[in-house]
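[1] no sequence on this one, just coordinates:
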DNA sequence: ACAGAATTGTTATGGTAGTGAACTATTCCG
DNA sequence: CGGAATAGTTCACTACCATAACAATTCTGT
């Protein structure tokens, strides 16, 4: 708690800190993470000016495309979306004719989710736009190897939660 | 656009994709970034249950502590906060007696921002709690070297925007 | 010096997400 | 069968972010 004079024990968790230990924002993981994420999402939004599509909608369509027939709760849970919030999201996709709820076979409570024909065409174009966006990111990182390293590091933070 | 049968040109930007090119969420940079950021912020919030303090407030206090006397617009701009939204944020810190607006010397329009005495004590405790949080993150990453690698990769995405 | 442009802080307002509680219909289970 | 659990939905509430407008002040060019 005293003034200056010692400097050995600093630098354990945070990066450069001033005499009082207050960290510089540039060295804080959460801060950098947030800034990077906002920029990536903005680039995503810009990339999809033509469609348009928000990140959450993209993830829902991609998941339905890969695993059609899952019920709403499953899709929502896999994406970390509360089922209450998922309703209006799915309403929007249905209103646009991209996806649809079907009465699930065995369970009259649940809906199984599928793409429509139009949804399939939409997803094809969506994937093209996404690839351009993702390629831009990979380039900024310096290559696919760096992309993999970044994903691996983020996975360590995310841990078992997949 | 045809069916299966070719596979050479895939894997340019995105990771594993199915036959139609739809990416798996686990390989998407923006998705992982968002998930990791949400988890980090949640851990931050939990770490500050005792104070309590939100990430944006933390960043403002840390910046004022390191560079007292800056005017509102400067602090807001450095943190990427619109000055309109900064007002209520600063109101809260002032109401809690942690920071204060002083009439700037040369310019009667602007306010220079400073910590109060209580604010200094608060920041000292805040830094302790933050270090525990950050240490937890560094541990999950596998060490300080991995932290540095992550920051470096995120900086590539952020680019010149600091 | 003075008029017009720019800056600072502020208010008001709207949009978008995300949360928890409560409700209906249905299914599960003892 | 009857109570507990589940799926989807609605609702009220909050947090956050953006834009536009405004008053006070400062800057700038002539």
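    Received, thanks. Since we're looking at a predicted model, the values are computed, not measured. Numbers count the residues shown, from 1 in each chain, chains lettered A, B, ... in the order given.

[2] per-residue pLDDT of residue A:16, please?
    Listed pLDDT for residue A:16 reads 68.

[3] which residues of chain A fall in helices?
    With DSSP state H, the ranges of helices along chain A come out as A:29-47, A:55-66, A:72-78, A:83-95, A:117-141, A:144-158.

[4] how about the ones you listed in a markdown table, adding mean neighbour count and distance to residue A:103?
    (Glycine included, C-beta is placed from N, CA and C.) Shown next, in a markdown table, are the helices of chain A (neighbours: other Cβ atoms under 10 Å in any protein chain shown; distance: least, Cβ to Cβ, whole Å):
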| stretch | mean neighbour count | distance to residue A:103 |
| --- | --- | --- |
| helix A:29-47 | 20 | 33 |
| helix A:55-66 | 21 | 16 |
| helix A:72-78 | 17 | 12 |
| helix A:83-95 | 14 | 14 |
| helix A:117-141 | 17 | 18 |
| helix A:144-158 | 18 | 35 |
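
[5] list the contacts of residue A:72.
    Neighbour list for residue A:72: A:83, A:86, A:90, A:101, A:110-111, A:113 [criterion: Cβ atoms under 8 Å, 6 or more residues apart in numbering or on different chains].

[6] which one among those gets closest to residue B:71?
    For the contacts of residue A:72, the residue nearest residue B:71 by Cβ to Cβ is residue A:86; the value is 43.4 Å.

[7] please name the residues that touch the residue lying closest to residue A:22 once chain neighbours are set aside.
    Sequence neighbours aside, residue B:65 is the residue nearest to residue A:22 in space, at 4.5 Å (criterion: Cβ to Cβ, 6 or more residues apart in numbering or on different chains). Applying Cβ under 8 Å, 6+ apart to residue B:65 gives the contacts A:18, A:20, A:22, B:115, B:119-120, B:123.

[8] at 10 Å what do you get?
    A:18, A:20-23, B:99, B:114-115, B:119-120, B:122-124, B:126-127 (Cβ atoms under 10 Å, 6 or more residues apart in numbering or on different chains).

[9] quick check, nearest of the residues you listed to residue B:140?
    Residue B:140 lies nearest to residue A:23 out of the contacts of residue B:65, by Cβ to Cβ, at 18.0 Å.

[10] surely that closest one and residue B:134 touch.
    Yes. If you go by Cβ atoms under 10 Å, residue A:23 and residue B:134 touch, sitting 7.7 Å apart.

[11] where does pLDDT dip in chain A?
    The model of chain A has pLDDT under 70 over residues A:1-17, A:19, A:160-162.

[12] ok, now which ones touch the residue nearest in space to the middle of it?
    What sits nearest the mean C-alpha location of chain A, by Cα atoms, centre = their mean, is residue A:55, with 6.8 Å. Residues in contact with residue A:55 (Cβ under 10 Å, 6+ apart) are A:37, A:40-41, A:44-45, A:48, B:28, B:30-31, B:34.
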